[in-house]
Every structure is written in structure tokens, then in C-alpha cells.
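> here is my input, please return the structure:
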Amino acid sequence: MTMQCLTIAVVLFTLMTNSITARPVSQWKRLYSPSYDFYDNGNVVNFQDNAGFQNVHPSQNQIHYMSKNVKVPQHQVSGVLDSWLVKKLLSVFDKIHWKDGFTCDACKVLVSAVKIVVKLGLAPQEITNVATVICEKFDIEDDKICKSVVLEFQTEFVAVINTVPLSAGEICGVTFGSTCGTPSTVNWNITLPMDPKPPLKPIPTPKADAAKLRVLQISDIHFDPLYQPASNAVCDEPLCCRATSGSVGNKTAEAGKWGDYRNCDTPLWTLENLFQHLATQKFDYVLWTGDLPPHDIWEQTELSQLVLLKNLTDMLLKYFPKTPIFPALGNHESAPVNSFPPPFVTGTNSIAWLYDALATNWSHWLPQDTIKNIKYGAYYTVLLKPGFRIVSINTNYCNNMNWWLLLNMTDPAEDLQWLIDTLLYAEKHNEKVHIIGHIPPGVDDCLKVWSSNYYKIINRFESTVIAQYFAHTHKDHFEIFYDEVNKTRPVSIAYIGPSVTPYSYINPGYRVYTIDGFYENSSFTVLDHETHILNLTDINLKNSQPVWQEEYSAKSTYQMKSLLPNDWDNLVQQMAKNDTVFQTYYRYYFKSNPQSTKCDAACKKTMLCALKSGKSYDPKLC
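Take a look at the predicted model:
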């Protein structure tokens, strides 16, 4: 299963590992039935089974089975329930089509089971046993990882589940979208300014000799300090290529020296080599768009995350001592992963431990007036030059794996309202804005309601927001934003930069943008971009020094007149008609990994739809 499946499946069981005050019995229709209907506040997930278990009444020391009441001594109730729960959940899970991945139905079953067991009040160790057995039975992960993830997430989820009065469908709808269920708390709309949208003006074409900016984007480094060459690259854990990854079955399973296409992250020497290579070039500034730690999410602590943040900050200062760097926060920087409590969560569950550290580390490049907002919500804005502003947003408040958002999804850190205020100020002062973030607004990892509101903001400020830069997917692609009235008119483009990590089945890469530069009446538009890669197949086979090579230039490869939103829309239309152009794009999407799978007609349709979807969970845009 994927890392997301591991996170969802195991953390839901985490809810059961603590004593939680249950809802009144009157709110439950029944706990369980002979047909294995899971009931939660009237919402039913049905998996037919002819077993006879009906009800458990731990307070009465009684189990109702096959129409008989069986008295159980108090000290044996938990043990009986432990054994029963494992057997019955396995029976239910056997009916789920796991080949389709971790589905909405599977999620509902898990959440409903969590709620049932919370009601029953099993001891923490017994529930941990249940979680481990389920995890092993369906090959989610091995015993070590399942137990570690349970411990990693239990504090967060207990805090959330104690407060959230949502059904299984509503909770799972956060991850799987409105077809699974929609919490009523997510239906909110941002308030746009009363100021009318300025009339659109043609974007002037820069003169050939006009000043230009050269801007580097590095993202998704996922630095693994424990990477070990020749270790097992095909282990049964989410992250391999370590001394702890088990024995190597054969030569082909050995991890390459400079990195590996399989579930492996970036070695220190590969990262150092990349920075040495980049340090020989001139960049006007750097966009550092998040995800620093490796994918060993079951082993991470607050301390380990802070140490890695400091180490990577020091490396950037070493190799780019005089270059401005503008960071954005990724979803892997917290511990546990994806855990970003809103500002109203205080005390031991507060995210202040991370945001305070970001403020300290980022202050090497950012002015003092950004510190307050970084400590509050990990967002900020900087005026580089008169007329040109960078805005860094925290997209973890759109992250559908950030379970803290179940408490309140309505602009929880006021980041979108802050963005509106910042863009309105920029509009009134004739400034152009580039937005940076981590999670692209159009991918399914971004909550639909947040994405929809962000889309409205980009529409309203299309004359001000000239470019957007995101990352997160590890791939090389883009998203087009369209006018919400004239849905065929493109208004903005979001560039999604490649990852440094090869995780998984991609070459390491980085992106360089050429931008209309600092001069009077500059458009500050992106004029071209180049993706550079390290060919892992070649370098590991030859066992030679790495060569970072230009993979392609967008403008020349796709023969584009410019890189304005309309040009990208034309390119998508061309891809739909000309499969040769699409296959070129598809190759670069995986950064020229020779092992990438073929893309058939259905795959092509899905990918072209994604390019036209700057808004998540909205197939109408296709």
C-alpha cells in the first residue's frame, strides 16, 4: 500500500488506543449486527456476513451472541472483545476490494470500528494488538512500523476525536472527497473585497535586451542521512536503502551509490554534489518549496525534524551565502507527518515548536517583519523590489491528511484572508505577485473547499498574481486556472516543480526559471523554464561522478511563443490532438525515468484533465 494508505489505516486504529468518553448509547442504533452493518449516527456501511454477533455491553459484563446472553467475568471482558474484534474485523475487511487501494468504504469501516471500540473501552495494549494484527493481515506494513505509527499519531488523534462530532462518512469525506461524505463544517466561502476587479490589460512582450532574472526552485529534498549504498532497495517498508532494510536478495536489489529509483530518498553525498553544482551558477534568488525529511514517518520526532531543518538551512547558507532564499513549508516537516494544528490549538499539542524554529532558520533570508506571521501560521510576504512581491502560503491548511482540520476547516489560520489582504494591498500599489507554496491547489491532497476558495482569489487577482510555484507531487507538471465565468479563458498558471528525491521511480531534478527582470514596467512574467536532472541509471552503472544535465526547456521543446496562461492552454489542446507531443510531456513528467509505465488512452485523459484542474475535486473543469 502507499504511504497515504499506511497513514490512514493505522492512525485510525490509534484512536482506539486511549480511553475516550463515548457518546450516549441513545445516539447509536446498534453496535453490530448479524449482517455486519456498521452503524454510526444513522450512517450505514454494509458488508454482508452471516455471523451472529449482535451487541456488547461491557458495563454489564455481557456479550450478546447468537440470541444468547453470555456472562463474562469482568477481568475477561477486554480479552474476549480483543479476540472477537480481530476475528470480526478480519471477516469484514476480507470483503473489501483492497486491489482498488484504500477506499472510501474501507475508511468508513475502520472509522466505525474505531467508534465501536471506543464505546467498548478496551485497554490500550489490547487495541494495539488489534491494530497490529489487521496491519499484518493485509500487508499494510510490518509489526515494527505499525506499532511505531500508532505511537506516533495517538496523541494527535485522541485530541481530535474527543472533540469532533462527525460520522464515519464525514470523516472519510475529508480524505476521499464529497462522494464519500461531506462534513457540514467545510461549506464556507471566503469574503472577497468590495473593490471591483481592475480591467484586464494586455501583458506587454519584453524586449529582447530587457533585464531578466534567473530563479532556482529546489523542492522535496527528502534528505536521508541513513542512506547506505548496496543496502536492500526492495524492502517491505515505506523507505528502503538503509542498513536496517533487511538482507539483499540479489545484486539487482542493491541500492545505487547516488540514489535509487525504488522507495529510497536522497543520500548526503548526492545532495552535496547537487549544491556544489548549483553553487557554480548565478541565481537572483532561490525558491525552496518544502519537504525536507525522509519518508521514515514512523521514526520521526520533533527533535529529529528540528535537527534536519537546521542542517539543511546550514547547507544552503554554505553553498548560497549571498543568494536570497524564499522558503515554503512542506507537509513532511512536522512530527507526526501532516500534523499542523491551527493556531487555536495550544498547549502540548501546539505547532509552535516547529513554527518558532522556522522563524529562526528562515530569518537568515527574511526581514524581521515576517517573523510574526511565520510564528502564527508559517506564511509571509516580502517585497523584493518596488513593484514585485513574493508571497509564501502554508498549504498544510488545505492538506486532507491534516486531521486537525476536522476541528475547524473555515480558514483555520486566517491564511486565505491574509492572502486576500496582501493581494489587495499589492493591487492598490501596482505590485506584481509571485505565490509560492507546497501542495498544488488542484491535486486531491488539497481539500476541496480550500482549493475552491483559493481558485476564487486567483480569479479576482489575476492581474496581480503573475505566477504560482508549488511542488509536493515529485513530478514535473503544471495546473491551469480558468475564469469562473468564461470557463474556457485561462487566467493563471501554477508551475509544479520536480523533486530532488528519486522517491519513487523518477530521476532527481531541479527547475530554473527565466523571469522578466527588474526594470520600469516589467511584467515579471515567466519567460521560460528548464528542468535539470541526474540520470541515476547512467551514473550508477558507470560508477562515475554525477553529471546534472538539462532535460528540456519548456519554450523550445513545446515551441511556445510565450509562457502565458493562454499558451499553456493551447499546449494542452495540442497534446489532446497530437499524441507525440503528449508522450513528450509524459516522459518529462517522470523526469525521463526509463522505467516509467506506458500511458494509455484512459491515462492520457486523466493527465490532461489534471493539467486543466487548478481546483481539486472538480471534474467539470475537464
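> quick check, residue 468 in a helix?
No. Read with DSSP: H, G, I helix; E, B strand; the rest coil, residue 468 is strand and lies in no helix.
> could you report the distance from it to residue 560?
Remark: distance between residue 468 and residue 560 (C-beta to C-beta, to the nearest Å) = 18 Å. (Each C-beta comes from the backbone N, C-alpha and C, glycine too.)
> of those two, who's got more company?
With neighbours defined as other C-beta atoms under 10 Å, residue 468 and residue 560 compare such that residue 468 has more, 25 against 17.
> checking the nearest residue to the more buried one once chain neighbours are set aside next. Helix, strand or coil?
In space, residue 468 comes closest to residue 494 once its chain neighbours are excluded; the distance is 4.0 Å by C-beta to C-beta, 6 or more residues apart in numbering. Using three-state DSSP, the secondary structure recorded for residue 494 is strand.
> same check on residue 551?
strand.
> same question for residue 391.
Of the three states, residue 391 takes strand under three-state DSSP.
> contact partners for residue 188?
Residue 188 makes contact with 409-411, 449, 453, according to C-beta atoms under 8 Å, 6 or more residues apart in numbering.
> please disregard the earlier target; I meant residue 104.
By C-beta under 8 Å, 6+ apart, the neighbours of residue 104 are 172-173, 176, 179-181.
> buried subset of the residues you listed, written for PyMOL?
Filtering the contacts of residue 104 down to the buried ones (16 or more other C-beta atoms under 10 Å) takes a single PyMOL command:
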select buried, resi 172+173+176+180+181
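> give the bridge partners for the residue nearest to residue 468, please.
Note on residue 494: beta-bridge partners by DSSP bridges are residue 468, residue 479.
> biggest separation within the contacts of residue 104, which pair?
Maximum pairwise distance in the contacts of residue 104, criterion C-beta to C-beta, is 10.3 Å, between 172 and 179.
> returning to what we had before: out of the contacts of residue 104, who's nearest residue 527?
The nearest one, if we look at the contacts of residue 104 relative to residue 527 and count by C-beta to C-beta, is residue 176, at 39.7 Å.
> so what's that closest one up against?
103-104, 107.
> run through the stretch 101-250 of the chain and note the low-pLDDT ranges.
Counting by pLDDT under 70, the stretch 101-250 of the chain contains low-confidence ranges at 101-102, 110, 113-140, 143, 157-159, 161-162, 165, 175, 177-178, 182-186.
> so which residues of it form helices?
For the stretch 101-250 of the chain, the helices defined by DSSP state H, counting those that start in this stretch cover 104-120, 124-137, 143-161, 168-176.
> may I have the third one as PDB, with CA atoms only?
Extracted C-alpha coordinates of helix 143-161, given in PDB (Å, rounded to 0.1, in the frame of the first residue of the first chain):
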ATOM      1  CA  ASP A 143       4.800  -5.200  13.000                       C
ATOM      2  CA  LYS A 144       7.500  -2.700  13.800                       C
ATOM      3  CA  ILE A 145       6.200   0.100  11.600                       C
ATOM      4  CA  CYS A 146       2.500  -0.400  12.600                       C
ATOM      5  CA  LYS A 147       3.300  -0.100  16.300                       C
ATOM      6  CA  SER A 148       5.600   2.900  15.700                       C
ATOM      7  CA  VAL A 149       3.000   4.700  13.700                       C
ATOM      8  CA  VAL A 150       0.300   4.000  16.300                       C
ATOM      9  CA  LEU A 151       2.500   5.600  18.900                       C
ATOM     10  CA  GLU A 152       3.400   8.500  16.600                       C
ATOM     11  CA  PHE A 153      -0.200   9.500  15.900                       C
ATOM     12  CA  GLN A 154      -2.100   8.600  19.100                       C
ATOM     13  CA  THR A 155      -1.800  11.900  20.900                       C
ATOM     14  CA  GLU A 156      -3.000  13.900  17.900                       C
ATOM     15  CA  PHE A 157      -5.900  11.700  17.100                       C
ATOM     16  CA  VAL A 158      -7.200  11.400  20.600                       C
ATOM     17  CA  ALA A 159      -7.200  15.200  20.900                       C
ATOM     18  CA  VAL A 160      -9.200  15.400  17.600                       C
ATOM     19  CA  ILE A 161     -11.600  12.500  18.100                       C
END
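> in the sheet, who's paired with residue 242?
residue 227.
> now do it against residue 255, distance only.
Separation of residue 242 from residue 255 (C-beta to C-beta): 9 Å.
> identify the contacts common to the two.
Contact criterion C-beta under 8 Å, 6+ apart; residues bridging residue 242 and residue 255 by contacting each: 227-228, 231.
> which of those are buried? Put it as a PyMOL command.
Selection of buried members from the shared contacts of residue 242 and residue 255 for PyMOL, criterion 16+ other C-beta under 10 Å:
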select buried, resi 227+228+231
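> just curious, which of the shared contacts of residue 242 and residue 255 is nearest to residue 608?
Out of the shared contacts of residue 242 and residue 255, the member with the shortest distance to residue 608 (by C-beta to C-beta) is residue 227, at 36.0 Å.
> list the contacts of the closest one.
Residue 227 touches 241-242, 255, 259, 264-268, counting by C-beta under 8 Å, 6+ apart.
> out of those residues, which sit inside helices?
Counting by DSSP state H, the contacts of residue 227 place residue 268 in helices.
> now, among the contacts of residue 227, which is nearest to residue 336?
Of all these, residue 336 sits closest to residue 265, with 17.7 Å by C-beta to C-beta.
> ok, and the closest non-adjacent residue to that closest one?
residue 224 (3.7 Å).
> from memory the one you found sits against residue 241, does it?
Yes. Counting by C-beta atoms under 8 Å, residue 224 touches residue 241, with 7.4 Å between them.
> more neighbours: which of the two?
Set side by side, residue 224 and residue 241 show unequal neighbour counts under other C-beta under 10 Å, the larger going to residue 241 at 29 against 26.
> correct me, but the more buried one touches residue 264?
Yes. With contact defined as C-beta under 8 Å, residue 241 and residue 264 form a contacting pair (3.6 Å).
> which residues are in contact with each of these two?
In contact with both residue 241 and residue 264: 224, 227, 233, 255, using C-beta under 8 Å, 6+ apart.
> could you list which of these belong to strands?
Residues of these located in strands (DSSP state E): none.
> I'd like these as TSV, with distance to residue 281 appended.
Below are those laid out as TSV (distance: C-beta to C-beta, whole Å):
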residue	distance to residue 281
224	25
227	26
233	31
255	29
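> which single one of these is nearest to residue 309?
Residue 309 lies nearest to residue 224 out of the shared contacts of residue 241 and residue 264, by C-beta to C-beta, at 14.8 Å.
> of all the contacts of residue 104, which comes closest to residue 249?
For those, the closest approach to residue 249 (C-beta to C-beta) belongs to residue 176, at 35.8 Å.
> any regions of the chain where pLDDT drops low?
Applying pLDDT under 70 to the chain picks out residues 1-102, 110, 113-140, 143, 157-159, 161-162, 165, 175, 177-178, 182-186.
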